[in-house]
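**Q** missing the sequence, but the structure's below:
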């Protein structure tokens, strides 16, 4: 445990959500039709959480967070959906409340689900759907992708049962009081159920203010070191070696035949992707490149994976910083770029708030992704990258209600001409 350094053991009863069968036919059943489809759900994207932090940083608000206790169990089974029943193994009956224990002679009882239970494929959907409905009933306006909310001078994001809010003290206190009336909040040591945000989804964050500037730093140091430990655990005959770069080979030349997935590779690439998404944007290209080769792995891929892990471990102390110089006006800016490479090019984008001087910079969203089509020229690749960057950034830009236009920076004259004129004979776009 972070405070007491004592281990904390956590257990949870989980149903087998992949074993749902029709009670009459005994055939496997789906939860993808009917009333289930009306329960739209949205989880806060990482960039929406960063926007809440940025909003606090700019306005010198405090960011607070809280977790709903046993979130799924707080929701009753939807009345509009056919009931589901559980088969509980006999060796667990003794742990049931006395009034639920089967009478003697009953060999195969079923138990009707009265509440959503962990493991059921729709439990998360029901909880998030109802939480969002409840927030809207309290005057919160959902924006962006649906899990970012505005009310008064406050901003809130919801990631399943994790809630993060930034705003004036009175509005924060009012919000948490409302939450406690509807949901129990998980209490930490000392009975505290709400605290100033210091870690969200595994990313540690620290906010400081001085006379000249306000700074927020994200750190994934512990996770970076864990990547190195996992590498040496999965490859016992190898040791992590420091590297000055995350990738030295573009890995564009693939073997003729696909290769069976290697579980070790999947684990490490998954960890690199998470790092790139949370607080290490410079790993985006490496994570995307290695991820695209999981099903066509080669010795060159092994070398680059080891190199990237060495870079991650060697730079574990690196942080992602948001910096706001007091008095500087911020504007939303999107940078897009692409390489032109056969067979398919790589798109890159970086959406941020920045000042004209460049001294203030708030990174919000970034991406590096292999393009889905073959570009026939550098300008075509740049156009595709611009489109992809805009598609990713516009939902967050719209949610920010910025009084400034979005500035898009592209370093290709043909694309700029296409934007200004709306047509390009050379690019065959209209």
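**A** Right, received. Where do you want to start? Everything numeric here is computed off the predicted structure, so don't read it as measured data.

**Q** Give the ranges of residues in the stretch 201-350 of the chain that sit below the confidence cut-off.
**A** 255-256, 342 (pLDDT under 70).

**Q** okay, now residue 341: neighbour count?
**A** 15 (other C-beta atoms under 10 Å). All C-beta spots, glycine's among them, are computed from the backbone N, C-alpha and C.

**Q** any idea which element the residue lying closest to it once chain neighbours are set aside lies in?
**A** Leaving aside its chain neighbours, residue 341 sits nearest to residue 252 (6.1 Å; criterion: C-beta to C-beta, 6 or more residues apart in numbering). Here residue 252, judged by DSSP states H and E, is contained in no helix and no strand.

**Q** In this protein, what residue spans correspond to helices?
**A** Across the chain, reading from the start of the chain, the helices by DSSP state H fall at 46-59, 123-137, 169-182, 221-234, 263-278, 284-291, 299-314, 378-399, 413-421.

**Q** Nearest approach to residue 86 belongs to which of these?
**A** Comparing the helices of the chain against residue 86 with C-beta to C-beta, the closest turns out to be helix 123-137 (12.8 Å).

**Q** Show me what the closest one packs onto, helices and strands only.
**A** Helix 123-137 sits against strand 141-143, strand 154-159, with contacts defined as 3 or more C-beta pairs under 8 Å, 6 or more residues apart in numbering; DSSP states H and E.

**Q** Make TSV from those and add distance to residue 368 to it.
**A** Compiled in TSV, these are given as follows (distance: least, C-beta to C-beta, whole Å):
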stretch	distance to residue 368
strand 141-143	26
strand 154-159	23
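
**Q** most tightly surrounded among those?
**A** Comparing the helices and strands packed on helix 123-137 by mean neighbour count (mean count of other C-beta atoms under 10 Å), strand 154-159 comes out on top with a mean of 24.

**Q** returning to what we had before: between the helices and strands packed on helix 123-137, which has the poorest mean confidence score?
**A** Per-segment confidence across the helices and strands packed on helix 123-137 bottoms out at strand 141-143, which has a mean of 91 in mean pLDDT.

**Q** next one: that one to chain centre, how far?
**A** Here strand 141-143 is found 18 Å from its chain centre; the criterion is C-alpha atoms, centre = their mean, to the nearest Å.

**Q** That strand pairs with which strands, and in what direction?
**A** Using DSSP bridges, the strands paired with strand 141-143 in its sheet are strand 148-151 (antiparallel).

**Q** list the contacts for residue 145?
**A** Taking C-beta atoms under 8 Å, 6 or more residues apart in numbering as the contact definition, residue 145 lies against 42, 44-45, 48, 395.

**Q** of those residues, closest to residue 283?
**A** Distance ranking of these against residue 283, using C-beta to C-beta, places residue 45 first at 18.2 Å.

**Q** Nearest residue to the closest one in space, please, no chain neighbours.
**A** Going by C-beta to C-beta, 6+ apart, residue 45 has residue 145 as its nearest residue, at 5.8 Å.

**Q** where's the one you found relative to residue 399, distance?
**A** Residue 145 sits 8 Å away from residue 399, taking C-beta to C-beta, to the nearest Å as the criterion.

**Q** Quick check: neighbours shared by these two?
**A** Both residue 145 and residue 399 are in contact with residue 48, where contact means C-beta under 8 Å, 6+ apart.

**Q** How many residues are close by the closest residue in space to residue 163 that isn't next to it in sequence?
**A** Closest residue to residue 163 in three dimensions, ignoring its sequence neighbours and counting by C-beta to C-beta, 6+ apart: residue 66, at 5.3 Å. Using other C-beta under 10 Å, residue 66 is surrounded by 24 other residues.

**Q** hmm, back to that, residue 173 is nearest to which of the helices and strands packed on helix 123-137?
**A** strand 154-159 (10.8 Å).

**Q** Output the contacting helices and strands for the closest one.
**A** On the basis of 3+ C-beta pairs under 8 Å, 6+ apart, strand 154-159 makes packing contacts with helix 46-59, helix 123-137, strand 148-151, strand 162-167, helix 169-182.

**Q** In JSON lines: those, plus mean pLDDT and distance to residue 189.
**A** Rendered in JSON lines, the data for those read as follows (pLDDT from 0 to 100; distance: least, C-beta to C-beta, whole Å):
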{"stretch": "helix 46-59", "mean pLDDT": "94", "distance to residue 189": "24"}
{"stretch": "helix 123-137", "mean pLDDT": "92", "distance to residue 189": "26"}
{"stretch": "strand 148-151", "mean pLDDT": "94", "distance to residue 189": "29"}
{"stretch": "strand 162-167", "mean pLDDT": "95", "distance to residue 189": "18"}
{"stretch": "helix 169-182", "mean pLDDT": "97", "distance to residue 189": "18"}
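
**Q** any chance of the ones you listed in a markdown table, plus mean neighbour count and distance to residue 113?
**A** As requested, the helices and strands packed on strand 154-159 are arranged in a markdown table below (neighbours: other C-beta atoms under 10 Å; distance: least, C-beta to C-beta, whole Å):
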| stretch | mean neighbour count | distance to residue 113 |
| --- | --- | --- |
| helix 46-59 | 22 | 32 |
| helix 123-137 | 18 | 10 |
| strand 148-151 | 22 | 29 |
| strand 162-167 | 23 | 25 |
| helix 169-182 | 15 | 21 |
